[in-house]
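> Need a 3D model of the sequence below.
(chains A and B)
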Amino acid sequence: MAKPIIECRDVWKTYSMGDVKVNALQGLNLIVKEGEFVSIMGPSGSGKSTAMNMIGGLDIPSKGSIFLDGKNIAHLTESDLAQIRGRKIGFIFQRFNLINTLTAKENILLPMMFQDTPLAERQRHATELLKMVELDDRTNHKPNELSGGQQQRVAIARALANKPQVVLADEPTGNLDSKSGDIIMTFLKKLHKEGRTIIVVTHDEEVAKCADRIYILKDGTIVKTQKGGYVR
Amino acid sequence: MTNVVDFVWIAFRNLSRSHVRTFLTMLGIFIGIAAVVSLVAISQGLKDSIQAQFDKIGADKLYISVKNTNFGVGSDISSVKLTTEDLDRVKKSQNVKTAIAYNIKAATVTVGFENGVHYLIDIPDTADERELAIALNSLEVTTGKMMRKNDPDQVVIGAELAKPGLYSKTLGVGTKILVNGRQFQVAGIWKKVGDPGTDSSVFMSQKTLRELINEPKLVTVIVAQSAKGANPLTVAETVKKNLRSFRNVKEGDEDFEVQTPDDILRSLNTVLDIIQVVLVGVAVISLVVGGIGIMNTMYTATLERTTEIGVMKAIGARNSDIMVQFLVEAGFLGMAGGIIGVALGAGIAYLVQIIASFYLGSNLLHVYFPWYLIVGALTFAFVVGSLSGALPAWQASKLPPVEALRYE
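I've put the predicted structure just below:
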């Protein structure tokens, strides 16, 4: 039995909007096991993004605990969270979010820079990752010289730079045409096959179905858990 | 902590995304630095050349003149005068080895049908005194020859007077001119000394000048040389005392002054220092304005790159990493501005040196770049840049990653 890599226990997130308090998450309970491919699905306003921010350590909950690899990260400082994010989580964003002034390869080097990886090792690993996402002929291209699909592949490579335990993808195909989207999902499936934990936050049923397990989120809490359609 | 080289590399990439903005931002800094560097180099060079001139004259000289008269320029309006009797008193003072006197008077010079006003300077008529006067003023005849002692008809002119175009008829050896209506012939021309006053004066025998102005005893400046081993300051006091009793004035009410080269040098340096402080102050203000330019650019960058800051944080950048990144960028702007500024400032200073040597005809002004000026200017530029970037950098580093990522 695989051990849980992420566990949310009764997580609440409350935003104050003037005098009104809005509960984005209302007692979220969720477990993701090591090596699992999980989708978090829900309509807009259901708390998907907030949930992703909590799991990824981009934000801290108002109440509750979040365990990442056995460690409660719910009350860590921003700098400690940054370290953990950098090492353990690889982010893939809907809008790719590559740094426009840097080349494809330099974008992949960046996370390793923040972890003080030795220079030679960074270079070697970045080249390897570019090859893996089949963009070794686009090494020195800047994001604006790449198609959306290619940019997202660079983003995947960047997410993998520090060999994270979890890859967290927020609507990874949301800004892509269906063909490019399929390619991205194929890559994510491939990563899963290689043993990585993948969490995809999406409102797209087709994407969600790729996972082993789908959590359906509504009003800031999990209302349903169902098996995914993805067969290894 | 992430390697500084990495930050510099990213800073370089970020700054090159908008060449024009980067250039304009640096402009403020490099104008300021160029101004500081060139001003300091020129005024330091000026001080050095003045020092060199005074070294040439020697520290053992005393200059005695009527009070409130600019050094070297005769006072036509003052009723107070020095005379040969004062000269004798000075000569007789203890520890004065020798003393000479010379006169400086404005006069009308007529060349053909044209008139001009120039200074007349006389040269003593005894061999020793003559030699001393020539040495003191660094004079040397390059064309023609020196006039004879007590020569009633001949003059030697400064190099500027011999310049073609000054008068329709270019002055040269043998040219006849009228000085205050009396005819003289040009015997020789001095080599250019670089002092416009000396270079455009007419030199004649002391006796002749006194005859010409009908002042048989007048003395404008007395230059005394202290005896070997004597302290020029003590000698100056003795001379002052003697002249006071001779001229019957009380201490503090002197109508004359005795200056040593050190005094003159000090007062000149004080003037130069004041000018330098004022000019450098103005230049520093422009640097502050340059710093505000950097601050503005960095604030704009914080806004422009908000999402990017969020991404950097998401992939593992700590607050300190973002802070250092922005600081390095601002410092880099300052530093690059500083380097261009130092180069530009050096160029301006050398240009001034070339222009000065062209117009003054001498290599008196050597601009001076001490290492501390260059290192100081660069450090200052970097510090101005970083300080200006500090606030925007701090603001950028504090951005919560979630909000930064959501920013459109």
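> quick one: low-confidence parts of the chain?
Since you didn't name a chain, this refers to chain A. A:1, A:230-232 (pLDDT under 70).
> Can you look at chain B instead?
B:1-2, B:68-79, B:361-363, B:408.
> Okay, and the most centrally placed residue in it sits in which element?
By Cα atoms, centre = their mean, chain B has its centre lying nearest to B:Leu46, at 3.7 Å. B:Leu46 belongs to helix B:19-57 when assigned by DSSP states H and E.
> buried ones in that helix?
B:22, B:25-26, B:28-47, B:49-50, B:53-54, B:57 (16 or more other Cβ atoms under 10 Å in any protein chain shown). From N, CA and C alone the C-beta is placed, and that goes for glycine too.
> Which stretches in chain B count as strands?
Along chain B, counting by DSSP state E, strands occupy B:61-66, B:82-83, B:96-102, B:104-111, B:114-123, B:141-144, B:154-157, B:176-179, B:182-190, B:202-205, B:218-219, B:221-226, B:256-259.
> what do you get for chain A?
Using DSSP E, strands in chain A cover A:4-17, A:20-33, A:37-41, A:63-68, A:71-72, A:89-92, A:166-170, A:197-202, A:213-218, A:221-227.
> so which of those comes closest to B:Phe256?
strand A:4-17 (85.9 Å; Cβ to Cβ).
> and the strands of chain B as a markdown table, adding mean neighbour count and distance to chain A?
As requested, those are arranged in a markdown table below (neighbours: other Cβ atoms under 10 Å in any protein chain shown; distance: least, Cβ to the nearest Cβ, whole Å):
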| stretch | mean neighbour count | distance to chain A |
| --- | --- | --- |
| strand B:61-66 | 22 | 67 |
| strand B:82-83 | 20 | 76 |
| strand B:96-102 | 20 | 72 |
| strand B:104-111 | 18 | 69 |
| strand B:114-123 | 18 | 67 |
| strand B:141-144 | 16 | 65 |
| strand B:154-157 | 24 | 68 |
| strand B:176-179 | 18 | 74 |
| strand B:182-190 | 19 | 65 |
| strand B:202-205 | 26 | 71 |
| strand B:218-219 | 22 | 77 |
| strand B:221-226 | 23 | 70 |
| strand B:256-259 | 20 | 65 |
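> want to try TSV for the strands of chain A, with distance to B:Asp6 and mean neighbour count as columns?
TSV is the format used below for those (distance: least, Cβ to Cβ, whole Å; neighbours: other Cβ atoms under 10 Å in any protein chain shown):
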stretch	distance to B:Asp6	mean neighbour count
strand A:4-17	30	17
strand A:20-33	33	17
strand A:37-41	34	25
strand A:63-68	27	18
strand A:71-72	28	12
strand A:89-92	20	26
strand A:166-170	24	25
strand A:197-202	29	25
strand A:213-218	38	20
strand A:221-227	41	14
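> Nearest to chain B, out of the ones you listed?
Nearest to chain B among the strands of chain A is strand A:89-92 (4.9 Å), distances taken as Cβ to the nearest Cβ.
> partners of that closest one, with directions?
strand A:166-170 (parallel) (DSSP bridges).
> and for the partner strand, what are the contacting residues?
A:5-6, A:32, A:49, A:52, A:55-56, A:68, A:88-94, A:156, A:159-160, A:188, A:191, A:196-201 (Cβ atoms under 8 Å, 6 or more residues apart in numbering or on different chains).
> if we can go back for a sec, export the strands of chain A as CSV, with columns for distance to B:Phe184.
Output for these, formatted as CSV (distance: least, Cβ to Cβ, whole Å):
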stretch, distance to B:Phe184
strand A:4-17, 99
strand A:20-33, 103
strand A:37-41, 108
strand A:63-68, 104
strand A:71-72, 104
strand A:89-92, 95
strand A:166-170, 99
strand A:197-202, 104
strand A:213-218, 111
strand A:221-227, 114
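> Pull the contacting residues for the residue nearest to B:Leu233 when sequence neighbours are not counted.
Closest residue in space to B:Leu233, ignoring its immediate chain neighbours: B:Thr260 at 6.3 Å, by Cβ to Cβ, 6 or more residues apart in numbering or on different chains. Shown in contact with B:Thr260 (Cβ under 8 Å, 6+ apart): B:59, B:61-63, B:232-233, B:236.
> Over to B:Gly291?
With Cβ under 8 Å, 6+ apart, B:Gly291 has these contacts: B:28-29, B:334, B:384-385, B:387-388.
> just A:Thr225 next, same as before
Contacts of A:Thr225 (Cβ under 8 Å, 6+ apart): A:213-216.
> ok, now B:Ile177?
Contacts of B:Ile177 (Cβ under 8 Å, 6+ apart): B:109-111, B:155, B:171, B:183-186, B:202.
> next one: B:Val117
Counted by Cβ under 8 Å, 6+ apart, B:Val117 has contacts B:106-109.
> and if we set it to 7 Å?
B:106, B:108 (Cβ atoms under 7 Å, 6 or more residues apart in numbering or on different chains).
> Quick check: the residue nearest the centre of chain A vs A:Arg87, distance?
By Cα atoms, centre = their mean, chain A has its centre lying nearest to A:Leu168, at 1.3 Å. Using Cβ to Cβ, to the nearest Å, we find A:Leu168 at a distance of 13 Å from A:Arg87.
> Same question for B:Gly341.
Applying Cβ to Cβ to B:Gly341 and A:Arg87 gives a distance of 43 Å.
> Compare the two (neighbour count), which wins?
The neighbour comparison of B:Gly341 against A:Arg87 (other Cβ atoms under 10 Å in any protein chain shown) goes to B:Gly341, with 30 against 17.
> Count the neighbours of B:Leu344 for me.
Residues near B:Leu344, counting by other Cβ under 10 Å, number 17.
> Name the nearest residue to it, ignoring sequence neighbours.
B:Ala34 (3.9 Å).
> ok, that neighbour - contacts?
B:341, B:344-345, B:348.
> ok so, going back, the inter-axis angle of the helix holding B:Leu46 versus strand B:61-66?
Direction vectors for helix B:19-57 and strand B:61-66, defined by axes from the mean of the first three to the mean of the last three Cα atoms, to 10 degrees, enclose an angle of 90 degrees.
> Residue of the stretch 301-408 of chain B closest to chain A, please.
For the stretch 301-408 of chain B, Cβ to the nearest Cβ, closest residue to chain A: B:Gly316, 2.0 Å.
> quick one, phi/psi of that residue?
When read as degrees, to the nearest 10, the backbone of B:Gly316 gives phi 120, psi 0.
> Next, the contact list for the residue nearest to it when sequence neighbours are not counted, please.
Once flanking residues are discounted, B:Gly316 sits nearest to A:Gly86: 2.0 Å by Cβ to Cβ, 6+ apart. Going by Cβ under 7 Å, 6+ apart, A:Gly86 touches A:111, A:114-115, A:162, B:315-316.
> 8 Å instead?
Neighbours of A:Gly86 in contact, by Cβ under 8 Å, 6+ apart: A:111, A:114-115, A:162, B:315-317.
> Closest one to B:Trp394 out of those residues, please.
B:Ala317 (14.8 Å).
> what about B:Met323, how many neighbours?
By other Cβ under 10 Å, the residues close to B:Met323 number 20.
> wouldn't A:Val207 be in contact with A:Ile184 here?
No. At 9.2 Å, A:Val207 does not count as touching A:Ile184 under the criterion of Cβ atoms under 8 Å.
> May I have stretch A:38-52 as CSV, with CA atoms only?
Extracted in CSV, the C-alpha atoms of stretch A:38-52 (Å, rounded to 0.1, in the frame of the first residue of the first chain):
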residue,chain,number,x,y,z
VAL,A,38,-5.6,12.4,-9.2
SER,A,39,-7.9,14.9,-10.7
ILE,A,40,-9.7,17.6,-8.8
MET,A,41,-12.7,18.7,-10.7
GLY,A,42,-15.5,21.2,-10.1
PRO,A,43,-17.3,24.1,-11.6
SER,A,44,-15.8,27.6,-11.3
GLY,A,45,-16.2,29.0,-7.9
SER,A,46,-16.1,25.5,-6.3
GLY,A,47,-12.7,26.2,-4.7
LYS,A,48,-10.5,24.3,-7.1
SER,A,49,-7.9,27.0,-7.4
THR,A,50,-7.8,27.6,-3.7
ALA,A,51,-7.4,23.9,-3.2
MET,A,52,-4.5,23.8,-5.6
